[in-house]
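Novice: prediction below, plus the sequence it came from.
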Amino acid sequence: MAKARRREPSRPSGPSSSCSSSSSWLSVAVAAAAVAVLAASLVGLHSALDSGSLGYLTQPPNSGNGGNDDHAGASRHQQHLASLHMAQSLLAQGHKEDLEPALQAARESLRKAATLPQEVDARLALSNVLSTLGRHDEVEKQLVALVELHEGAAAAPGGTKQERAVMVFNLAKFYMQQHKPALATIPILRKAITIDPELHEARHWLGHQLSQLPQGSEEAAGVLSQVDVSQLPGALPLDSLMLLGQAYEKIGDHRQALEAFSRGVVWVTSQDPKTVSSTSVFRFGLSNFQISRQLLALGDIEGALRVAQNTLSIPSLAGMYHLNDMAAFSLAQLGRYSEAVQTYSTFATHVATWPKAEQDMPERVLGATLAWLQWQHETNKHPQELVSRGSGPAPVNHGGWQPADPQEIEKIRCNIATVDGRGAAGAARVLEYVQKNRPVLVTGLVESWPARAAWTRDALIERFGSSNVELRNSSQIAFDNEFGGLKRRSTTLEEYVEQMGRGAAAADIEYLFDLNTKLDIWGDVQVPAPFDSELFRSSPEQRREGSFFYIGGAGTGVTLHEHTNAWNALVYGAKRWILLPPYTARGRTGVKTQEWLESQYADVKHEVFECVQTAGQVLYVPTNWMHATLNLGDCVGLAQEVGDTVGLLQTLLKEEAATAHST
């Protein structure tokens, strides 16, 4: 679907999340940290960190050749220094009118540079001025030149591998600041580490960039595990340990993730309270939330609850919706449902005092979790206990596309409800599921679409065969929708359709999953009435921009991901769905759906909602439910994200209050 949204924002939500750097919070924080350390001791927590520092460029200038040349060299050296100091002084003053003179002085300093250190200083000064002027292409040229200088002068007097590594690292940092794709930055960071394996800041950022790749989590974990966080500046140790924990979580290693997040908590509590920023305090709270998640995945529900509640006892973190959600979820899993509802109710009252723009995310996350808990409480069943049936039957009209094997469809269970969505009564039935944030298969909405005739294989090739389309590997789509930057292969629609199904089953098959497509397909479809509703937060323009037109052969699909409410209409084909409710353990992520089914499915089958969607059906995907797809034959359809359900949390809490009052 459209850009996936994570639970963890980059800053606290709500005014109550702001905090000072006074020492008062740490006295309470130690209590939460103690629980985290105790939990982490089960997996061998190492909390003793060494101190250290990084050096920088210290190469002295050469002495010249003596005689008149010495005099000329000294004069040139003085001119270089004078120009360099002028450039630095003008830049430091920060006046816009001083930047052009500063630029001229920096260029003059570079022209007068007679030694390697002088040229390094001049190019650094020139880079700073150019960066301030926003001339980033020229900045890149200067940084590349600096790297080449050190590569070509590795044996120069005073030159060290540390200096060369730092120069290479500076180029990588510039690329990251300019939001260059991770694939462009990773080789440069590898080079810096090869030159100086002790440059731990470069190692940290290599792990960071690897984590931006769809299948980069395992290597990221290996790189980050080798970082000596005591060698990192500022609050980077906490960031590094959180990244390490996230990488381990993505590869399904919850014990290692628990240790990494716990080390981050210990690092924060070991700092001088006067130096701890509000951002670090917030990330301390996030680390404890992640500790709770790992404990939950490991089956220690009481431990997850203790960590969440202890952290919430810190006044500056009491407003973190992540921790409130975790506390309530853990209470419900321990059979204390009424306490869970009260936790949500109390927090909802608190959120209502926040600025409107900051209410959406907590209402979305808490509403989705409460809806799932309410379903569990009402039915007292796990997904595997639902009435299950074989999926299908397979449609007869395939539109010229390669169909799935009917027997394969029939053998896959379906424990997702199916409703007829036609007419006002049908729309109302569908919206009942929406307001409960539960998945549902809807029939009767696509049969009348012009797409049934316009999206046959021959018709699409005739209309759009020469149109250029961009393809992505199936396992990369969800990640690329969130982070972007991955390469896409361009071809024509006809060429793609002709080669569909020719790849090996084990290959990462290319998939046309086209966001906000430029193909003129909008006259072929009609937004299903239940989803053309003001109940959803996104505007009509946002919904159009969050639409995907897709064509894919057997084996294509999208890996596990989550986002806001969405509907997916299948015009032709058969598509297998895997859906996981909030906080369900999901094992290793970022792998092809087929690989996940083979390696992870058996461990979580009892929590999975699944079915095969066949031609003419629409699937409603609820907010914050992880889900993945696997096309069993050629599939053609349209998917659209419609935004959060307006007032979901408040609606559910009103129902709970009414139920409590009636009893």
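Specialist: That came in fine, so what should we check first? Numbers count the residues shown, from 1 in each chain.
Novice: give me the neighbour count for the closest residue to D228 other than its chain neighbours.
Specialist: Leaving aside its chain neighbours, D228 sits nearest to H200 (5.0 Å; criterion: Cβ to Cβ, 6 or more residues apart in numbering). Heads up, the C-betas are built off the backbone N, CA and C, glycines and all. Using other Cβ atoms under 10 Å, H200 is surrounded by 23 other residues.
Novice: helix, strand, or coil at E470?
Specialist: Secondary structure, DSSP: H, G, I helix; E, B strand; the rest coil: E470 is strand.
Novice: who's in contact with the residue nearest to D228?
Specialist: 54, 227-229, 231-232 (Cβ atoms under 8 Å, 6 or more residues apart in numbering).
Novice: so Y496 belongs to a helix, correct?
Specialist: Yes: assigned with three-state DSSP, Y496 falls within a helix.
Novice: neighbours around it, how many?
Specialist: 21.
Novice: equivalent analysis for A427, please.
Specialist: Number of residues near A427 (other Cβ under 10 Å) recorded here: 19.
Novice: is it in contact with V527, as I believe?
Specialist: No: using Cβ atoms under 8 Å, A427 is not in contact with V527; the gap is 11.7 Å.
Novice: can I get the contacts of H200 in JSON lines with neighbour count?
Specialist: Converted to JSON lines, the contacts of H200 look like this (neighbours: other Cβ atoms under 10 Å):
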{"residue": "L54", "neighbour count": "17"}
{"residue": "V227", "neighbour count": "23"}
{"residue": "D228", "neighbour count": "15"}
{"residue": "V229", "neighbour count": "21"}
{"residue": "Q231", "neighbour count": "20"}
{"residue": "L232", "neighbour count": "20"}
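Novice: ok, those residues vs W596, which is closest?
Specialist: Nearest to W596 out of the contacts of H200 is V227 (Cβ to Cβ; 28.8 Å).
Novice: what about A260, distance to R364?
Specialist: Distance, A260 to R364, by Cβ to Cβ, to the nearest Å: 27 Å.
Novice: ok, Q104 next?
Specialist: 53 Å.
Novice: between those two, which has more neighbouring residues?
Specialist: Legend: neighbour count by other Cβ under 10 Å for Q104 and R364, higher for R364 (24 against 15).
Novice: that one and G647 touch, don't they?
Specialist: No: with contact defined as Cβ under 8 Å, R364 does not count as touching G647 (10.9 Å).
Novice: show me where pLDDT drops low in the stretch 101-250 of the chain?
Specialist: 115-117, 146-159 (pLDDT under 70).
Novice: I should have written the chain there, sorry.
Specialist: Using pLDDT under 70, the chain drops low at 1-98, 115-117, 146-159, 381-395, 482-485, 501-508, 663.
Novice: which parts of it are strands?
Specialist: If DSSP state E is used as the criterion, the strands of the chain fall at 389-390, 413-414, 418-420, 440-443, 468-473, 489-492, 510-515, 547-552, 565-572, 574-580, 609-614, 618-621, 626-631, 635-643.
Novice: nearest spatial neighbour of T629, skipping sequence neighbours?
Specialist: Nearest one to T629, counting by Cβ to Cβ, 6+ apart, is G557 at 4.2 Å.
Novice: over to E219?
Specialist: Here the residue nearest E219, using Cβ to Cβ, 6+ apart, is L210, at 5.1 Å.
Novice: can you count the residues close to that neighbour?
Specialist: So L210, with other Cβ under 10 Å, has 24 neighbours.
Novice: how much space separates the closest residue to Q226 other than its chain neighbours from Q246?
Specialist: Of all residues not flanking Q226 in the chain, R203 sits nearest, at 6.3 Å (Cβ to Cβ, 6+ apart). Counting by Cβ to Cβ, the gap from R203 to Q246 is 16 Å.
Novice: tell me which of the two has more neighbours.
Specialist: R203 (25 against 19).
Novice: tell me the contacts of that one?
Specialist: 193, 223-224, 226-227.
Novice: and which of those residues is nearest to G252?
Specialist: Among the contacts of R203, and counting by Cβ to Cβ, the member closest to G252 is L224, at 16.4 Å.
Novice: the closest one touches L243, doesn't it?
Specialist: Yes: between L224 and L243 a contact is recorded at 5.7 Å, counting by Cβ under 8 Å.
Novice: what's the span of stretch 556-569, first residue to last?
Specialist: One end of stretch 556-569 sits 16 Å from the other (Cα to Cα, to the nearest Å).
Novice: burial measure for R422, as a count.
Specialist: 17.
Novice: need phi/psi at the closest residue to it other than its chain neighbours.
Specialist: Nearest non-adjacent residue to R422, counting by Cβ to Cβ, 6+ apart: G444, 3.9 Å away. Dihedral angles of G444 (phi, psi; degrees, to the nearest 10) stand at phi 80, psi 10.
Novice: so G444 sits against A425, correct?
Specialist: No: taking contacts as Cβ under 8 Å, G444 lies outside contact range of A425: 11.2 Å.
Novice: list the buried ones in stretch 646-663?
Specialist: Neighbour-count burial for stretch 646-663 flags 648-649, 651-653, 656 (criterion: 16 or more other Cβ atoms under 10 Å).
Novice: got the residues you listed as JSON lines, with distance to S316 columns?
Specialist: Shown next, in JSON lines, are the buried residues of stretch 646-663 (distance: Cβ to Cβ, whole Å):
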{"residue": "L648", "distance to S316": "28"}
{"residue": "L649", "distance to S316": "23"}
{"residue": "T651", "distance to S316": "30"}
{"residue": "L652", "distance to S316": "28"}
{"residue": "L653", "distance to S316": "26"}
{"residue": "E656", "distance to S316": "29"}
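Novice: so what's W449 up against?
Specialist: 524-526, 569, 571.
Novice: show me which of the residues you listed are buried.
Specialist: 524-525, 569, 571.
Novice: tell me the one of these nearest D405?
Specialist: For those, the closest approach to D405 (Cβ to Cβ) belongs to V571, at 19.6 Å.
Novice: thinking the closest one is in contact with Q617, fair?
Specialist: No: shown here, V571 and Q617 do not form a contact pair, counting by Cβ under 8 Å, at 10.0 Å.
Novice: where do the contact lists of the two overlap?
Specialist: Shared contacts of V571 and Q617 (Cβ under 8 Å, 6+ apart): V446.
Novice: report how many residues lie close to M500.
Specialist: A count of nearby residues for M500, using other Cβ under 10 Å, gives 21.
Novice: tell me the spacing between it and A247.
Specialist: Separation of M500 from A247 (Cβ to Cβ): 34 Å.
Novice: report how many residues lie close to the residue lying closest to Q309 once chain neighbours are set aside.
Specialist: Leaving aside its sequence neighbours, Q309 sits nearest to A327 (Cβ to Cβ, 6+ apart; 5.5 Å). By other Cβ under 10 Å, the residues close to A327 number 26.
Novice: residue contacts, A327?
Specialist: A327 makes contacts with 305, 308-309, 312, 343, as judged by Cβ under 8 Å, 6+ apart.
Novice: could you show me where the helices are in the stretch 451-600 of the chain, in order?
Specialist: For the stretch 451-600 of the chain, helices defined by DSSP state H, counting those that start in this stretch occupy the ranges 451-454, 457-464, 477-483, 493-499, 540-545, 593-599.
Novice: who does the fifth one touch, helix- and strand-wise?
Specialist: On a contact count with 3 or more Cβ pairs under 8 Å, 6 or more residues apart in numbering; DSSP states H and E, helix 540-545 meets strand 635-643.
Novice: and for the fourth one?
Specialist: Taking 3+ Cβ pairs under 8 Å, 6+ apart as contact, the helices and strands that helix 493-499 lies on are helix 457-464, strand 468-473, strand 510-515, strand 547-552.
Novice: in that helix, what's buried?
Specialist: Applying a neighbour-count criterion of 16+ other Cβ under 10 Å, one finds 493-494, 496-497 buried in helix 493-499.
Novice: just put the buried ones among the contacts of W449 in CSV and tack on distance to L632.
Specialist: Below are the buried ones among the contacts of W449 laid out as CSV (distance: Cβ to Cβ, whole Å):
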residue, distance to L632
D524, 23
V525, 23
A569, 17
V571, 15
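Novice: which one of those sits closest to P582?
Specialist: Within the buried ones among the contacts of W449, proximity to P582 (Cβ to Cβ) peaks at A569, which comes in at 24.9 Å.
Novice: no further queries at this time; thank you.
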